[in-house]
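Engineer: Provided below are the primary sequence and the corresponding predicted coordinates.
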Amino acid sequence: MFDYNGKKIVFEGKDSKNPFAFHYYDPERVVAGRKMKDHLKFAMSYWHTINASGTDMFGGDTADKNFGEPYGMERYMKKADFAFDFMQKLGIEYYCFHDVDVAPEGKNLEESVRNLEVITDYFAKKQKETGIKLLWSTANMFSDKKFMAGAATSPNADVFAVAAGKVKAAIDAAIKLGATNYVFWGGREGYDTLLNTNMGLEVDNLARLLTMARDYGRAHGFKGDFLIEPKPKEPTKHQYDFDVATCVNFLRKYDLLKDFRMNIEANHATLAMHTFQHEIRVARINGVFGSIDANQGDMLLGWDTDQFPTNIYDTTLAMYEILKEGGFKNGGLNFDAKTRRQSNTYEDMLLAYIAGMDSFALGLIKADELIRDGRFDKFVEDRYASYKDGIGKRIVEGKENLESLAAYGAKLENIKVDSGRQEYLEALLNDILFR
Ligand code: XUL
Ligand code: CO
């Protein structure tokens, strides 16, 4: 049953018992006016798929991702070949990487950048051959020990300088490979204790690096979106890019709202005690929705488990928000997810992607049904009807003030607020999901 025949994974429908087939993801099927593949814009994360090998705090690798090469550029070339083959097997049209995922690090910035250039030349060739595109690149500024106290927010200015050099090289890669986004995830841009931290300077410095990146990118022809990926904690106790609302305030303060949007990750949302849907909604109402890092956490664990998404309630409500947004523009749906330590075979990697892709495909189908059904939208519309005319309309139009409202409200008695009908709506969601 788990013998994979090496062929491309195709859609077989929900009655198929073949685990190496899509049961819901039918790339060419049109849903809500677009092909599924264009709605979903699935991307492969290089770091998990090509590099992660099962190591955890208590034990080493359970999967071999060395591709028979002991070290060096040869290994990274093999990784690249594997990556493009893997994406083609699944029909995934986009990928994402950190600089250090794709090329070996040299003894200094200059050497590392040279290695990155060699590999990205190779990627350019592979992209041309396969039609696969780069969704985003980023610089890893959290793994090396020099980043132990942050990159842009490090107390050491030499670290800031090297971080800037890495960002420059990773933006160059984005431009060379035609990426539509450049991502900042501030792995160690935060603090472990305020006792040793100048928070004001650190946050100003973070804005300085982002501003330099924006200026460099725009001056060199990068037309895509710069994205911030919010996360509240881990690896630091407190990360400055805590959640979408915090990031929007940061962008507004430093006048970066025009160029930056959000890359929203499901498991980061839940670490911030929000739902995935909440974070997408906050981004939407603030005009900063950009892209998605698709995964899910384990609600009984307090850390980022980066599991493949299989929860259809979450994928449906996420796709509902994305459809309401009008779909992805520059963004896409990157599986920032890895197979469990015990799921350590090549087949598991395929099965994990199939599970994630099918879960979002079903989420898309259900979100479209939910919108076409119309009862949710109508309920919310009706719930706020008091703002459509009369006093509510005048409040919304800015025609009232505290004194006029005090006079209006002075004699009101027995004000009745309608039921919120939460249980009815939850049951209605079930009806749509399970019909
Ligand atoms: C870490 C995380 C990163 C970013 C890119 O939690 O999500 O992999 O997506 O740096
Ligand atoms: Co992520």
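Structural biologist: Yes, it's here. From a predicted model like this one, the values you see are computed outputs, not experimental measurements. Ligands and ions are numbered 1, 2, ... in the order given.
Engineer: mind saving the C-alpha coords of stretch 212-221 as PDB?
Structural biologist: The C-alpha trace of stretch 212-221 is given here as PDB (Å, rounded to 0.1, in the frame of the first residue of the first chain):
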ATOM      1  CA  MET A 212      17.500  49.700   4.000                       C
ATOM      2  CA  ALA A 213      16.200  46.500   2.500                       C
ATOM      3  CA  ARG A 214      13.200  48.300   1.100                       C
ATOM      4  CA  ASP A 215      15.400  51.000  -0.400                       C
ATOM      5  CA  TYR A 216      17.900  48.600  -1.800                       C
ATOM      6  CA  GLY A 217      15.200  46.300  -3.300                       C
ATOM      7  CA  ARG A 218      13.300  49.100  -4.900                       C
ATOM      8  CA  ALA A 219      16.500  50.700  -6.300                       C
ATOM      9  CA  HIS A 220      17.400  47.300  -7.900                       C
ATOM     10  CA  GLY A 221      14.100  46.500  -9.500                       C
END
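Engineer: can you list contacts of the helix or strand that contains L428?
Structural biologist: Element membership for L428 (DSSP states H and E) is helix 422-434. The contact list for helix 422-434 (C-beta atoms under 8 Å, 6 or more residues apart in numbering) reads 312-313, 316, 366, 369-370, 373, 375-376, 379. Using the backbone N, CA and C atoms, a C-beta is placed for each residue, glycine as well.
Engineer: can we see that at 6 Å?
Structural biologist: For helix 422-434, the surrounding residues in contact (C-beta atoms under 6 Å, 6 or more residues apart in numbering) are 366, 369-370.
Engineer: what's the distance between the closest residue to L177 other than its chain neighbours and ligand 2?
Structural biologist: Excluding the flanking residues, the one nearest L177 by C-beta to C-beta, 6 or more residues apart in numbering is L134, at 4.2 Å. For L134, the distance to ligand 2 (C-beta to the ion, to the nearest Å) stands at 16 Å.
Engineer: who touches the helix or strand harbouring T270?
Structural biologist: Element membership of T270 [criterion: DSSP H and E] is helix 266-271. With C-beta under 6 Å, 6+ apart as the test, helix 266-271 has contacts from 230-232, 276, 279, 295-297, 304.
Engineer: so which of those residues are also by ligand 1?
Structural biologist: Contacts with ligand 1 within the contacts of helix 266-271, counted by C-beta under 6 Å from any ligand atom: 231, 304.
Engineer: so among the contacts of helix 266-271, which ones count as buried?
Structural biologist: Listed as buried from those are 230-232, 276, 279, 295-297, 304; burial here means 16 or more other C-beta atoms under 10 Å.
Engineer: got CSV for these, with pLDDT too?
Structural biologist: Output for these, formatted as CSV (pLDDT from 0 to 100):
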residue, pLDDT
P230, 98
K231, 98
P232, 98
F276, 98
E279, 99
N295, 98
Q296, 98
G297, 98
D304, 98
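Engineer: which of these fall within helices?
Structural biologist: 276, 279 (DSSP state H).
Engineer: and ligand 2, which of the buried ones among the contacts of helix 266-271 contact it?
Structural biologist: Filtering these for proximity to ligand 2 by C-beta under 5 Å from the ion leaves nothing.
Engineer: quick check, nearest of the buried ones among the contacts of helix 266-271 to A352?
Structural biologist: A352 lies nearest to N295 out of those, by C-beta to C-beta, at 10.6 Å.
Engineer: shouldn't that closest one be in contact with D336?
Structural biologist: Yes. Contact criterion C-beta atoms under 6 Å: N295 and D336 qualify, at 5.2 Å.
Engineer: is there proximity between the helix holding T270 and ligand 2?
Structural biologist: No. Contact between helix 266-271 and ligand 2 is absent, the nearest approach being 6.9 Å (criterion: C-beta under 5 Å from the ion).
Engineer: quick revisit: for the contacts of helix 266-271, which one is nearest L405?
Structural biologist: Proximity of these to L405 was ranked by C-beta to C-beta; the top entry is E279 with 33.1 Å.
Engineer: quick one: that closest one from P232, how far?
Structural biologist: Separation of E279 from P232 (C-beta to C-beta, to the nearest Å): 11 Å.
Engineer: tell me which parts of this protein are close to ligand 2?
Structural biologist: Checking the chain against ligand 2 by C-beta under 5 Å from the ion, the hits are 265, 293, 336.
Engineer: need the residues you listed in CSV (columns: pLDDT and neighbour count).
Structural biologist: Formatted as CSV, these follow (pLDDT from 0 to 100; neighbours: other C-beta atoms under 10 Å):
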residue, pLDDT, neighbour count
E265, 99, 27
D293, 98, 25
D336, 98, 24
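Engineer: could I get the residues you listed as TSV with distance to ligand 1?
Structural biologist: Output for the residues of the chain next to ligand 2, formatted as TSV (distance: C-beta to the nearest ligand atom, whole Å):
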residue	distance to ligand 1
E265	5
D293	5
D336	5
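Engineer: ok, the buried ones among the contacts of helix 266-271 vs N181, which is closest?
Structural biologist: For the buried ones among the contacts of helix 266-271, the residue nearest N181 by C-beta to C-beta is P230; the value is 15.0 Å.
Engineer: which residues does that closest one contact?
Structural biologist: The neighbours of P230, taking C-beta under 6 Å, 6+ apart as the test, are 241, 243-244, 247, 268.
Engineer: repeat for A283
Structural biologist: Neighbours of A283 in contact, by C-beta under 6 Å, 6+ apart: 244, 262, 289.
Engineer: export the strand or helix carrying the second one as CSV, just CAs?
Structural biologist: It refers to M262. Per DSSP H and E: M262 is located in strand 260-265. Taking Å, rounded to 0.1, in the frame of the first residue of the first chain, the C-alpha atoms of strand 260-265 are listed here in CSV:
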residue,chain,number,x,y,z
PHE,A,260,5.5,45.6,3.7
ARG,A,261,2.7,43.0,4.2
MET,A,262,2.3,40.0,6.4
ASN,A,263,3.3,36.4,5.9
ILE,A,264,0.9,34.7,8.3
GLU,A,265,1.8,31.3,9.8
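Engineer: that strand - contacts with which helices or strands?
Structural biologist: With contacts defined as 3 or more C-beta pairs under 6 Å, 6 or more residues apart in numbering; DSSP states H and E, the packing partners of strand 260-265 are strand 225-228, helix 276-285, strand 289-294.
Engineer: and the gap between L256 and A355?
Structural biologist: Counting by C-beta to C-beta, the gap from L256 to A355 is 36 Å.
Engineer: and the helix or strand harbouring E74, what does it pack against?
Structural biologist: Using DSSP H and E, E74 maps to helix 72-90. For helix 72-90, the packing partners by 3+ C-beta pairs under 6 Å, 6+ apart come out as helix 109-130.
Engineer: all set now, cheers.
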